[in-house]
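**Student:** Give the three-dimensional model of this entry:
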Amino acid sequence: MLADPLRARIIELLAEGPACVCHLVDDTGAKQPNVSNHLRALREAGLVATEPHGRFTYYRLLPDAIEAVAGQLAQLAERARTNAETRRECP
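**Tutor:** Below is the predicted model:
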C-alpha cells in the first residue's frame, strides 16, 4: 500500500494534520485526479478518513490503523531476520 512514492508522501503530509485535495496537490505537485485516486485507495485500506468541511472534504490519517500496519511490518521483519538463512529444499 505504501510502496508507491506519492502515496507514501501523502501519508507523510497527512501526519502533519488534515488536508484537502487542493493542499495535497500543491504540496506534492501531482495532478488532482492522481492524488484523488491515491486518497481513495488509502481510504479503502482504512488508513485515512474523510471529514466534510463546508464545500471541501478533508482527509485525516488514522493513527491506530498506521500503528497496526507498523506492527504487522515489524513482525514480518523479525520473521525475515530469523529465517534469513533457512532455505526450502526444491522437490
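
**Student:** Do you have the strands of this structure handy? List them.
**Tutor:** Ranges of strands in the chain, per DSSP state E, are 19-20, 48-53, 56-61.

**Student:** for this structure, which spans come out with low pLDDT?
**Tutor:** Applying pLDDT under 70 to the chain flags the ranges 1.

**Student:** ok, 90 please
**Tutor:** 1-3, 87-89, 91 (pLDDT under 90).

**Student:** picking that back up, between the strands of the chain, which gets nearest to Asp26?
**Tutor:** strand 19-20 (9.4 Å; CB to CB). In short, each C-beta sits where N, CA and C put it, glycine included.

**Student:** what's the offset of the closest one from the middle of its chain?
**Tutor:** Here strand 19-20 shows a centroid-to-chain-centroid distance of 15 Å under the convention CA atoms, centre = their mean, to the nearest Å.

**Student:** in its sheet, what does it sit against?
**Tutor:** Using DSSP bridges, strand 19-20 pairs in its sheet with strand 56-61 (antiparallel).

**Student:** Thanks a lot, catch you later.
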